[in-house]
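Asker: Sequence first, predicted model second:
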Amino acid sequence: MLLEGKVAIVTGAGSGIGAESARRFAAEGAAVVCADIRLARAEETAQAIVAAGGRATAVEVDVRRAADNEAMVNAAVQHFGGLHVAFFNAGTIRPGNAVKLSEDDWDVVMDTNVKSIFLGAKYAVPVIADSGGGAIINTASVSGLRGDPAGIVYGASKAAVINLTRCLATDHARQGIRVNCICPGAIETPPVQRMLADPAAAEATGRSHLLGRIGRPSEIAAAAVWLASDESSFITGEALVVDGGLTSRAALVNMGDPRPRKD
Ligand SMILES: NC(=O)c1ccc[n+]([C@@H]2O[C@H](COP(=O)([O-])OP(=O)(O)OC[C@H]3O[C@@H](n4cnc5c(N)ncnc54)[C@H](O)[C@@H]3O)[C@@H](O)[C@H]2O)c1
């Protein structure tokens with residue numbers, strides 16, 4: 001039970017990585033505020049936790065809105081008496097290069113992926129500090145480390161998450177708050193299943209990861225639990241890559257033996 005006695009918030013808890021992480025946090029002993037813009041989906045996650053013997057509540061939150069972030073943190077205090085862990089995971093993606101992407105899509109992605117973490121931290125930090133310290137985990141992406149084709153705003157937003165993580169870690173270490181982010185490779189969640197509907201694309205994407213497949217939400221949830229727990233007590237400001245080796249392999253082909261030939 002890595003999170004016994006802890007209170008946690010998970011945003012994007014209605015689906016994919018967030019839903020799996022909320023369930024895993026609860027299984028490790030945390031009381032969980034399941035936050036999502038789709039309340040019915042957050043409620044499904046909370047109900048599954050309660051049915052399994054855990055503690056959870058669901059809240060409707062648009063992470064782009066300051067008032068919703070404040071209400072989300074208040075829900076943790078009202079229901080469970082404090083806050084120790086915030087997993088700011090909700091995110092969205094819009095395809096497009098600079099010519100094709102609309103200004104509205106740029107704003108939606110930057111607000112959902114980046115501004116949300118600023119607003120979440122604004123309200124969560126004082127409460128986590130008052131609760132005796134804890135951990136913030138943000139979901140970044142390998143797309144914040146490399147240039148994806150036709151993905152300018154998603155890549156820019158996730159690079160921003162990585163350095164926002166370092167800035168938050170710098171500002172709040174003395175309050176007993178560690179701040180880290182996770183950079184997943186391709187993970188089998190509903191949006192990725194839609195993007196990889198073509199079997200050839202799914203096969204090629206799987207092969208691009210050294211382990212020969214895309215990841216499972218549970219494999220990101222395991223990293224999030226670890227970063228939330230005291231097992232990672234000396235780690236802060238870090239971007240943990242969980243990508244099955246996707247970013248480890250260089251694009252160079254095997255070029256053969258470099259030694260001069262004898263003949
Ligand atoms: N799946 C992947 O391959 C992958 C890879 C790298 C990073 N990520 C990141 O992981 C996170 C979770 O993605 P996922 O793949 O589980 O997607 P998902 O669509 O399964 O889950 C995202 C959840 O966030 C919620 N959400 C979206 N906008 C919101 C808002 N404004 N306010 C509150 N909730 C909102 C959605 O309703 C949804 O339930 C995102 O930050 C995503 O960018 C995913």
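Answerer: That came through fine.

Asker: Could you use CA atoms for every contact and neighbour count after this?
Answerer: OK.

Asker: Residue 23 contacts residue 42, correct?
Answerer: No - judged on CA atoms under 8 Å, residue 23 makes no contact with residue 42 at a distance of 11.2 Å.

Asker: for the host helix or strand of residue 68, which positions count as buried?
Answerer: Assigning secondary structure by DSSP states H and E places residue 68 in helix 66-80. Using 16 or more other CA atoms under 10 Å as the test for burial, helix 66-80 gives 66, 68-70, 72-77, 80.

Asker: what do you get for stretch 172-188?
Answerer: Within stretch 172-188, the residues that count as buried by 16+ other CA under 10 Å are 172-173, 175-188.

Asker: For the ligand, tell me which of those residues show up nearby.
Answerer: Contacts with the ligand within these, as defined by CA under 6 Å from any ligand atom: 184-188.

Asker: Now intersect the residues you listed with the strands, please.
Answerer: Counting by DSSP state E, those place residue 184 in strands.

Asker: The helix holding residue 68 and the ligand, are they touching?
Answerer: No - Helix 66-80 lies out of reach of the ligand by CA under 6 Å from any ligand atom, never closer than 8.9 Å.

Asker: tell me the average confidence for the helix or strand that that helix is followed by?
Answerer: The C-terminal neighbour of helix 66-80 among helices and strands, as given by DSSP H and E, is strand 85-88. For strand 85-88, mean pLDDT rounds to 99.

Asker: Check the gap between residue 121 and residue 154 for me.
Answerer: According to CA to CA, to the nearest Å, residue 121 stands 21 Å off from residue 154.

Asker: who's more crowded, those two?
Answerer: Taking neighbours as other CA atoms under 10 Å, residue 121 and residue 154 compare with residue 154 leading, 26 against 20.

Asker: helices and strands around the helix or strand hosting the more buried one, which ones?
Answerer: Residue 154 belongs to helix 152-172 when elements are defined using DSSP H and E. If you count contacts as 3 or more CA pairs under 8 Å, 6 or more residues apart in numbering; DSSP states H and E, helix 152-172 packs onto helix 103-110, strand 134-139, strand 177-184.

Asker: what's in contact with the second one?
Answerer: Same thing as strand 134-139. With contact meaning CA atoms under 8 Å, 6 or more residues apart in numbering, strand 134-139 is reached by 84-91, 117, 128, 161, 165, 176-184, 224, 227-229.

Asker: Likewise for the first one?
Answerer: Contact with helix 103-110 is made by 91-94, 153-154, 157, as judged by CA under 8 Å, 6+ apart.

Asker: now the helices for this structure?
Answerer: Ranges of helices in the chain, per DSSP state H, are 16-27, 39-51, 66-80, 103-110, 116-130, 152-172, 190-195, 199-208, 217-228.
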